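In: dropping a prediction and its sequence here:
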Amino acid sequence: MEKENLYDFERPPLLIVVSGPSGVGKDSLVQQLEERGCPFYFVVTATDRPPRPDEVDGEDYFFVSTEAFKRMIEEDELLEHAVVYGQYKGVPKQQVREAMASGKDVVMRVDVQGAETIQEIVPQAVLIFLTASSERELEERLLERGDDSLDQVKRRIATAREEMKKLRHFDYVVINRDGALNDAVDDVLAIIRAEHCRVDQREVRL
């Protein structure tokens, strides 16, 4: 009978999902992880919305036409997809598979609806809910961003209230307070380190 190697501590790669309401800073948090040189694979989401002035195609998002996005859905090329505020967003499957096959932890940022879908497909994923410290703070951020009309901001706040009710379906919550993004990034890194120290490791299957 073959002996069990009690010192075999090989850790499978994690699939880390950063989610939360619009305006909580998901993009900023992931960007900060990248700027710190964290050895993760950062998933690039596809969307049919136009890029903002400071966004780069292939880095912030894959910006595609609505027709191209629908074709990706038809050809089953997306891990998850949803229509959010009238815009298509989705995660291409192949980049996730290739990254995990290389042994890298994979970090993706998706909306709350997308996180729920990923949890159903990949229950071993680590789900992190990012939020502001208050609804007022979130509203101020959305207004300062200047991308939406006042009516659209109110709609996003109403959606955020509903999304907050889904917090219990996540593994962790991280509060991104104004002026304290580095603290939120530190919390996320602490979560990832703790997950790699678990006795019962999450083994993702796609």
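Out: Great, that's in hand. Residues are numbered from 1 along each chain as shown.
In: what average pLDDT does stretch 114-131 get?
Out: Stretch 114-131 shows a mean pLDDT of 93.
In: equivalent analysis for stretch 166-180, please.
Out: The average pLDDT for stretch 166-180 rounds to 95.
In: any idea which element Val91 lies in?
Out: strand 87-92 (DSSP states H and E).
In: pull out the buried positions in that strand.
Out: 88-92 (16 or more other Cβ atoms under 10 Å). For the C-beta atoms, the positions are set from N, CA and C on the backbone; glycine is no exception.
In: likewise for stretch 45-54?
Out: In stretch 45-54, counting by 16+ other Cβ under 10 Å, buried: 45-49.
In: return the subset of those residues lying in strands.
Out: 45-47 (DSSP state E).
In: quick one, helices of the chain?
Out: 26-35, 66-74, 93-101, 112-121, 135-145, 150-164, 181-196 (DSSP state H).
In: what's the closest of those helices to Asp171?
Out: helix 181-196 (8.0 Å; Cβ to Cβ).
In: for that closest one, packing partners?
Out: strand 15-19, helix 26-35, strand 126-131, strand 172-175 (3 or more Cβ pairs under 8 Å, 6 or more residues apart in numbering; DSSP states H and E).
In: what separates the third one from the chain centre, distance-wise?
Out: Read it as strand 126-131. On the basis of Cα atoms, centre = their mean, to the nearest Å, strand 126-131 sits 8 Å off its chain's mean C-alpha point.
In: likewise for the shortest one?
Out: Put simply, strand 172-175 sits 13 Å off its chain's centre (Cα atoms, centre = their mean).
In: note down every partner strand of it and its orientation.
Out: strand 126-131 (parallel) (DSSP bridges).
In: which of the buried residues of strand 87-92 lies closest to Leu143?
Out: Closest to Leu143, out of all of the buried residues of strand 87-92 and judged by Cβ to Cβ, is Lys89, at 22.5 Å.
In: let me see the confidence value for the residue nearest to the closest one when sequence neighbours are not counted.
Out: Nearest residue to Lys89, sequence neighbours excluded (Cβ to Cβ, 6 or more residues apart in numbering): Thr47, at 4.8 Å. pLDDT recorded at Thr47 is 94.
In: against Arg71, how distant is the residue most central in space within the chain?
Out: Central residue of the chain (Cα atoms, centre = their mean): Arg109, 1.7 Å from the mean position. Look at Arg109 and Arg71: by Cβ to Cβ, to the nearest Å, they are 24 Å apart.
In: next: Asp200.
Out: Asp200 is 40 Å from Arg71, by Cβ to Cβ.
In: between those two, tell me which one has more neighbours.
Out: Counting neighbours by other Cβ atoms under 10 Å for Asp200 and for Arg71 shows that Arg71 has the greater number, 12 against 5.
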